[in-house]
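Student: sequence and predicted model, in that order:
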Amino acid sequence: MGRKILRSLRIPLLLLILAWRPLLASAASGELQTALDLAADAKLMREQRLPMLVLYSQDDCSWCDRVRREYLLPLQQAPETQKKLLLRQIDLDSDADLIDFGGRKTTHRRYAREEKARVTPTLMLYGASGARLAEPIVGFRLADFYAEYINRAIEQGQARLSKPAE
C-alpha cells in the first residue's frame, strides 16, 4: 500500500519541484524574483505583516542593473531581510503575465502603466492591499544616499503596517 501511494505521488511531486525550480534558481543565482502573482504574495504579506519593495525596471537600463546589483540583491540576500520585506521586479517593457493584488490578470507592462511607473529604475513599497506605503523612489539618485532612501522607505512602510489599519 505504501509503495502504491509513493508511486502515485511521484509525478505530482516532480511537477511541483519543476514548477518551483525557476523561483529557486533566481534566488540562488542572484536575481530579483520577477513578480508573478501579487495576490498570492499579499497573502504572505498579511500573515507576516511584511511590505513588498518592487523594482520597476526594463531591458538595457544600466541604472536598473546598478540598483539591482549594488542595493537590492545584497538586501535580498541578507537573512534579516526575509523577516521584514519581500522583493519583486516588474518590467515596464514586458508583456509577461501578472496577477495583480486584487487577483486580476494583467501584464507587467499594463500594471506598470496603471501604477504610473514611467521612469526606470523606480522603487515602490506596497502593503498587502496593494496600497503604497511610502513615496516612490524615482530614478537613480545620489549613490551616497540611495541606500538611505531605500531604508527610509522600508521603515516608513513598516511603521504604517504596525498601525491597526493599512
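Tutor: Perfect, thanks for sending it.

Student: can you give me the strands for this structure?
Tutor: Assigned by DSSP state E, the chain shows strands spanning 52-57, 86-91, 97-99, 105-107, 122-126, 137-138.

Student: partner strands of the fourth one, with direction?
Tutor: I take that to be strand 105-107. Using DSSP bridges, strand 105-107 pairs in its sheet with strand 97-99 (antiparallel).

Student: and for the strand it pairs with, what's in contact with it?
Tutor: Contact with strand 97-99 is made by 35-40, 90, 105-108, 111, as judged by Cβ atoms under 8 Å, 6 or more residues apart in numbering. Glycine gets a C-beta too; all of them are placed from N, C-alpha and C.

Student: residue nearest the centroid of the chain?
Tutor: The centre of the chain sits closest to Arg88, judged by Cα atoms, centre = their mean, with a distance of 1.7 Å.

Student: that residue: what's it in contact with?
Tutor: 32-35, 38, 41, 52-55.

Student: quickly list what it is bridged to.
Tutor: With DSSP bridges as the rule, Arg88 is bridged to Val54.

Student: now do the end-to-end distance for stretch 45-54.
Tutor: Start and end residues of stretch 45-54 are separated by 13 Å (Cα to Cα, to the nearest Å).

Student: circling back to that earlier point, hmm, which of the contacts of strand 97-99 are the buried ones?
Tutor: Neighbour-count burial (16 or more other Cβ atoms under 10 Å) applied to those gives 35, 38, 90, 106, 108, 111.

Student: could you pull up the contacting residues of the fourth one?
Tutor: By that I understand Thr106. 97-100, 114.

Student: quick one on the thing from earlier: and the contacts of Arg88 as a markdown table, adding distance to Val67?
Tutor: Listed next are the contacts of Arg88 as a markdown table, based on distance: Cβ to Cβ, whole Å:
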| residue | distance to Val67 |
| --- | --- |
| Leu32 | 10 |
| Gln33 | 15 |
| Thr34 | 15 |
| Ala35 | 16 |
| Leu38 | 20 |
| Asp41 | 20 |
| Met52 | 16 |
| Leu53 | 11 |
| Val54 | 12 |
| Leu55 | 7 |
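
Student: so which of these is the closest to Ala134?
Tutor: Closest to Ala134 out of the contacts of Arg88 is Leu53 (9.3 Å), distances taken as Cβ to Cβ.

Student: what is the least confident helix or strand in this structure?
Tutor: helix 2-29 (a mean of 45; mean pLDDT, DSSP states H and E).

Student: is it true that Cys117 touches Tyr56?
Tutor: Check again: residue 117 is Ala, not Cys. Yes. Using Cβ atoms under 8 Å, Ala117 makes contact with Tyr56 at a distance of 3.9 Å.

Student: fine by me, thanks again.
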